[in-house]
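1. The following comprises the amino acid sequence and a computationally predicted model.
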Amino acid sequence: MVTLNRLVGVKPTVEAMRTALEGDQLDGWDAQLHDASHGTGVPSVLLVGGKGTEAPWCGSVERSSGIRAPEFKRRTAALQLMAIDDEVYAVGHDDGFRLLPDEFRDRTFGLSFVIRQIDPQQVRGLVASTLGQARTDIAVTPGGIPLSMLGIRAYDQLVSRIGGYLDSIELTYARYGRGKAATAEGGCGLRLRLGVDAADLIADIREIARICRDRKPRRGLEFVEHFVPVRDPKVREALDVALDDVLGCAEDGRVALAVPEDLVGVYGEAARFGVKIGRRRANGVDDLSVAHLLDPIRVHRPGSRLTALRGGKVHVYGPPESDGAASAVATGAQRWIEANISLDERRFCLWDQSWYEIGAAHEKEIRATIASVIRTMPSWTPPPWPRGADETTYNQELSKTPEGRGFLNLDRAYVKNPLKRRNVLEVCDHLAPDNTLVLVKPAHGRSGPLSHLFNQGVVTVQMLQNSASVRREFTKLVREKSGSTQRLPEDFTPRRIIFAIHLKPGTALTPDTLFGFSQVTLAQTVRTLQQWGVTVEVIGISDAEAGTIYGIGGHVAA
C-alpha cells in the first residue's frame with residue numbers, strides 16, 4: 001500500500017519539485033534527494049530517508065523496574081514526486097507522505113476518487129466531522145457495511161475520509177491481484193495498491209486522474225460533495241473580519257480545538273506538542289488545548305490576529321529517539337481550530353481553513369434522500385386505488401388482485417405492546433412473499449396521515465429488533481393468519497420495508513408532489529431505518545379508472 005497525493009502550486013519540473021521538498025519537515029531525517037527522471041521517463045525526484053527511534057516505553061520500563069531495556073525500531077520513508085500530464089503527484093512509502101509539505105497537498109484529491117469508485121454497500125471506514133461541534137466521528141468496519149448503516153447526517157456532517165472496496169477498476173492490482181478485492185482509502189491523500197513498474201505506476205495514476213475528472217460520484221455518495229466552501233469573496237472577507245475580532249476575545253466557545261483529518265493517527269500517538277506563533281519559540285506541552293493557540297494571538301493588534309494564526313505552526317512530536325530528540329510533524333496552526341461565526345441569521349463554520357455555511361446542504365440532502373427511495377422504476381406495482389374506496393377496503397382486496405398475489409393481509413391484526421399495558425401494535429398492513437413489510441396509507445391532500453405512516457414504520461422496526469416478545473407474537477400472528485402456510489424465523493427482524501402511498505386523485509407520487517412537511521419526515525425516517533440496516537422504498541399507488549371496483553376473487557370489473 002502506498003499513499004498518493006496530488007500537489008497544487010508546484011510546477012511539473014524537476015527543479016520545482018526539488019524546491020518543494022526543501023523545508024522543516026526533513027529535520028531529523030537522514031534524507032537524500034535524487035533525480036529519478038531517467039528511470040521513470042517523466043520529470044521525477046525521489047526523496048529517501050530514515051531514522052532510528054527508541055520505543056516509547058523504554059523510559060517508563062526503566063523507571064518502574066530499574067532495568068534498562070533498549071529496544072529500537074527503524075523508521076523509513078520514501079517520497080517520489082512525478083510530473084504526469086502537467087500535474088505533479090507524490091507517491092509515499094512508509095512515512096514518506098509525512099515528508100510532503102502541507103501547503104502543497106490537494107486536500108480533496110483522495111476523497112474525490114473514492115466517492116466515484118468504491119461500492120457504497122461495502123464501506124470499510126469513515127471519518128466525519130460535525131460542523132459547529134468540533135467533533136470527529138471515526139467508524140472502522142473491516143468487513144464492509146452499507147454506508148447508510150453508519151448513520152451519517154449528510155446535512156451537517158462533513159466526510160473527510162472514507163474507505164471501501166473498489167468496484168470494477170482498471171488498475172494494475174485489480175487486474176493482476178489473483179482474485180483479491182482491491183481497496184482504497186481516500187481523504188486528502190489516497191491510500192491503495194498501485195503498480196510497481198514505472199509504466200504501470202504512471203498508467204494507474206492516469207486512470208485515477210481520469211476517474212476524478214470524468215465520472216460522477218456513486219449513487220449514495222453524492223452528498224459528500226454537497227458541502228462546498230463559501231465561494232462569495234465578500235462573505236469570506238466578512239467572516240475573516242469577524243473571526244479576527246473573536247480571536248481577540250476571551251474564550252466563549254466560538255473557537256474550539258479540531259484535529260486535522262490527515263493527522264488523526266499522529267495525534268493519537270503524540271508524545272507532546274509545540275505551538276509557534278509569531279516570533280515566539282515553539283512551546284512544548286503534553287496535551288494541546290485551544291488556549292495554547294489563542295493566548296499568543298490575543299496580544300496582536302486587531303486586524304492582524306488572523307494573519308498571525310495563519311502564519312503559525314503546530315508541531316506534533318512523536319516518541320523520543322535514542323539521542324533524546326523527537327520526530328515531529330509540522331502543520332499550519334489554523335488547521336487546528338474550528339470556529340463558529342454568525343452573519344445575521346446565517347451560520348458558518350471554519351473547518352480545516354475553509355468556511356462552510358451550516359445548513360446550506362440541508363435541502364439538497366433531503367431531496368437526494370427522497371429521490372433515492374421514490375424510484376422511477378419501483379420494485380413492485382400496487383393495484384390501483386378505486387375511487388371512493390377507504391383504506392380498509394383496499395387492504396382487504398389487495399391480496400386478491402394479480403399484483404398482490406402471495407401477500408398476507410395483516411391490516412388491523414395486532415400484537416401486544418410490551419411498553420404499555422392494554423395497548424397493541426399494528427406491525428404492518430401486508431407481509432410480502434419475501435417477508436418485506438408493506439405499509440399502506442391514503443393521504444388525500446393531508447400530510448398528517450403520512451407522518452403517522454412513517455412513524456409506524458420506525459416503531460415497527462424498533463420493536464421487532466429490540467423486543468423478543470414482539471418478535472414471538474408477530475411470528476405467531478403470521479403463522480395463524482396464513483394457516484401455517486407462511487412461517488417466519490423465530491428471530492425475525494425486517495430487512496426491507498415498503499411505504500405504499502396514494503395521494504389525492506390525479507396526483508402521481510414523486511419527490512416534488514410529496515407534501516413539504518412529509519418530505520422532511522420521510523428523509524428522517526429513511527436515515528433512521530437505513531442506519532438500523534433496513535432498506536426503504538416508497539411506492540405510489542395509481543388511480544383506478546372511473547367506475548372500476550374490485551370484484552370478489554381478485555377480478556377487476558368495470
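-> Nice, thanks for sending it over.
2. what's the distance between residue 252 and residue 301?
-> Distance of residue 252 to residue 301, computed by Cβ to Cβ, to the nearest Å: 20 Å. In short, each C-beta sits where N, CA and C put it, glycine included.
3. which one's the longest helix in the protein?
-> helix 448-466 (DSSP state H).
4. Count residues in the vicinity of residue 428, would you?
-> Other residues near residue 428 come to 23 when the count uses other Cβ atoms under 10 Å.
5. Contact partners for it?
-> Applying Cβ atoms under 8 Å, 6 or more residues apart in numbering to residue 428 gives the contacts 410, 437, 438, 439, 460, 497.
6. So which of these sit within strands?
-> Judged by DSSP state E, the subset of those located in strands is 437, 438, 439, 497.
7. one step back: what residues does the longest helix of the chain touch?
-> For helix 448-466, contacts defined as Cβ under 8 Å, 6+ apart pick out 417-418, 425-428, 437, 439, 441-443, 470-471, 474, 492-494, 497, 499, 501, 514-515, 517-518, 521-522, 524-525, 528-529, 532, 534, 536.
8. now stretch 403-413
-> Counting by Cβ under 8 Å, 6+ apart, residues outside stretch 403-413 touching it are 380-383, 391-392, 395-396, 398-399, 426-433, 438, 440, 477-478, 481-482, 486, 554.
9. switch to 7 Å and redo it
-> Outside stretch 403-413, the residues that touch it by Cβ atoms under 7 Å, 6 or more residues apart in numbering are 381-383, 392, 395-396, 398-399, 426-433, 477-478, 481-482, 486.
10. Just the buried positions in it, please.
-> Of all the residues in stretch 403-413, those buried under the rule 16 or more other Cβ atoms under 10 Å are 404, 407, 408, 409, 410, 411, 413.
11. residues in contact with the residue nearest the centre of the chain?
-> Central residue of the chain (Cα atoms, centre = their mean): residue 159, 4.2 Å from the mean position. Neighbouring residues of residue 159 by Cβ under 7 Å, 6+ apart: 126, 128, 152, 224.
12. try it again with 6 Å
-> Residue 159 makes contact with 128, 224 under the criterion Cβ atoms under 6 Å, 6 or more residues apart in numbering.
13. Next SSE downstream of the host helix or strand of it?
-> Assigned by DSSP states H and E, residue 159 belongs to strand 157-166. As assigned by DSSP H and E, the chain's next helix or strand after strand 157-166 is helix 172-176.
14. Give the partner strands of whichever helix or strand comes after that following helix in its sheet and their orientations.
-> Downstream of helix 172-176, the first helix or strand assigned by DSSP H and E is strand 183-186. When pairing is defined by DSSP bridges, strand 183-186 lines up against strand 157-166 (antiparallel), strand 190-192 (antiparallel).
15. May I see those strands arranged in CSV, with mean pLDDT and distance to residue 35 as well?
-> Shown next, in CSV, are those (pLDDT from 0 to 100; distance: least, Cβ to Cβ, whole Å):
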stretch, mean pLDDT, distance to residue 35
strand 157-166, 88, 33
strand 190-192, 93, 25
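16. Quick one: the ones you listed as JSON lines, columns for distance to residue 83 too.
-> Below are the strands paired with strand 183-186 laid out as JSON lines (distance: least, Cβ to Cβ, whole Å):
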{"stretch": "strand 157-166", "distance to residue 83": "26"}
{"stretch": "strand 190-192", "distance to residue 83": "18"}
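17. do you know which of those lies nearest residue 351?
-> Nearest to residue 351 among the strands paired with strand 183-186 is strand 157-166; the distance by Cβ to Cβ comes to 6.5 Å.
18. mind checking how far that closest one is from the chain centre?
-> Computed by Cα atoms, centre = their mean, to the nearest Å, the chain-centroid distance of strand 157-166 equals 5 Å.
19. Tell me which helix or strand residue 17 sits in.
-> helix 14-20.
20. how close does residue 413 sit to residue 429?
-> With distances taken as Cβ to Cβ, residue 413 is found 9 Å from residue 429.
21. cool, and residue 135?
-> Per Cβ to Cβ, residue 135 is found 40 Å from residue 429.
22. go on, residue 461?
-> Residue 461 sits 15 Å away from residue 429, going by Cβ to Cβ.
23. okay, those two: which has more neighbours?
-> Just comparing residue 461 and residue 429: by other Cβ under 10 Å the higher neighbour count belongs to residue 429, 26 against 23.
24. Hmm, residue 441 and that one touching each other?
-> No. Using Cβ atoms under 6 Å, residue 429 is not in contact with residue 441; the gap is 8.5 Å.
25. Run through the strands of the stretch 251-400 of the chain in chain order.
-> Along the stretch 251-400 of the chain, counting by DSSP state E, counting those that start in this stretch, strands occupy 255-257, 272-276, 283-285, 313-320, 326-332, 337-343, 346-351, 354-357.
26. Buried deepest among those strands, which one?
-> Neighbour counts (mean count of other Cβ atoms under 10 Å) averaged over each of these peak at strand 346-351, with a mean of 21.
27. Can you list the strands that that one pairs with?
-> Sheet pairing of strand 346-351 (DSSP bridges) gives strand 337-343 (antiparallel), strand 354-357 (antiparallel).
28. next one: it to chain centre, how far?
-> Between the centre of strand 346-351 and the centre of its chain there are 19 Å (Cα atoms, centre = their mean).
29. what pLDDT, on average, does that strand get?
-> For strand 346-351, the mean per-residue pLDDT is 88.
30. again with stretch 30-50
-> 88.
31. CA atoms only for it, dumped as PDB, please.
-> C-alpha atoms of stretch 30-50 as PDB (Å, rounded to 0.1, in the frame of the first residue of the first chain):
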ATOM      1  CA  ASP A  30      18.800  11.300   7.100                       C
ATOM      2  CA  ALA A  31      17.300  12.200   3.800                       C
ATOM      3  CA  GLN A  32      18.800  12.100   0.300                       C
ATOM      4  CA  LEU A  33      17.200  13.600  -2.800                       C
ATOM      5  CA  HIS A  34      17.700  12.000  -6.200                       C
ATOM      6  CA  ASP A  35      16.700  12.900  -9.800                       C
ATOM      7  CA  ALA A  36      14.600   9.900 -10.900                       C
ATOM      8  CA  SER A  37      13.600  11.100 -14.300                       C
ATOM      9  CA  HIS A  38      15.700   8.600 -16.200                       C
ATOM     10  CA  GLY A  39      14.100   5.600 -14.600                       C
ATOM     11  CA  THR A  40      10.500   6.800 -15.000                       C
ATOM     12  CA  GLY A  41      10.500   8.600 -18.300                       C
ATOM     13  CA  VAL A  42       8.800  11.600 -16.800                       C
ATOM     14  CA  PRO A  43      10.200  14.500 -14.700                       C
ATOM     15  CA  SER A  44      10.600  12.900 -11.200                       C
ATOM     16  CA  VAL A  45      12.500  13.200  -8.000                       C
ATOM     17  CA  LEU A  46      12.900  10.700  -5.200                       C
ATOM     18  CA  LEU A  47      13.500  11.500  -1.500                       C
ATOM     19  CA  VAL A  48      14.600   8.600   0.700                       C
ATOM     20  CA  GLY A  49      15.400   8.800   4.400                       C
ATOM     21  CA  GLY A  50      15.300   7.000   7.700                       C
END
